[in-house]
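Engineer: No letters, just coordinates:
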């Protein structure tokens, strides 16, 4: 009696099965890339813009705190 692993290996060694699996995976990847990526592209750009603005704000606060720490009057 064959184990499940041996049965799966025999099943996957068939060239027709491999081609069918590749076709199914290609179609799934195409759907994911074309549909989902195009929908979240705007959100990814917004997150990048938000991060840049946040870094600028943090650097500005750091600059103000350093000036206050060293006691300069021109804040």
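Structural biologist: Right, received. Where do you want to start? All values reported here derive from a predicted model rather than from experimental measurement. Residues are numbered from 1 along each chain as shown.

Engineer: Give me the average confidence score over the longest helix belonging to the chain.
Structural biologist: The single longest helix within the chain, with elements called by DSSP state H, is helix 37-69. Average pLDDT, helix 37-69: 92.

Engineer: ok, now how distant is residue 71 from residue 16?
Structural biologist: According to CB to CB, to the nearest Å, residue 71 stands 79 Å off from residue 16. (Glycine included, C-beta is placed from N, CA and C.)

Engineer: How about residue 35?
Structural biologist: According to CB to CB, residue 35 stands 29 Å off from residue 16.

Engineer: Compare those two (neighbour count), which wins?
Structural biologist: Of the pair residue 35 and residue 16, residue 35 is the one with more neighbours under other CB atoms under 10 Å, namely 10 against 7.

Engineer: moving C-terminal of the helix or strand hosting residue 5, what's the next helix or strand?
Structural biologist: Using DSSP states H and E, residue 5 falls within helix 4-13. Counting by DSSP H and E, the next helix or strand C-terminal to helix 4-13 is helix 15-31.

Engineer: Please name every helix or strand in contact with that following helix.
Structural biologist: Under the contact criterion of 3 or more CB pairs under 8 Å, 6 or more residues apart in numbering; DSSP states H and E, helix 15-31 touches helix 4-13.

Engineer: Could you rerun that using 7 Å?
Structural biologist: Under the contact definition 3 or more CB pairs under 7 Å, 6 or more residues apart in numbering; DSSP states H and E, helix 15-31 sits against no other helix or strand.

Engineer: Show residues contacting that helix.
Structural biologist: Residues outside helix 15-31 that contact it (CB atoms under 7 Å, 6 or more residues apart in numbering): 11-12.

Engineer: From the chain's centroid, how far away is it?
Structural biologist: 23 Å (CA atoms, centre = their mean, to the nearest Å).

Engineer: Likewise for stretch 30-46?
Structural biologist: Worked out by CA atoms, centre = their mean, stretch 30-46 lies 10 Å from the chain centre.

Engineer: begin at 606 from here
Structural biologist: Taking 606 as the first residue, the last one we looked at is stretch 635-651.

Engineer: ends of that stretch, how far apart?
Structural biologist: Terminal residues of stretch 635-651 are spaced 24 Å apart (CA to CA, to the nearest Å).
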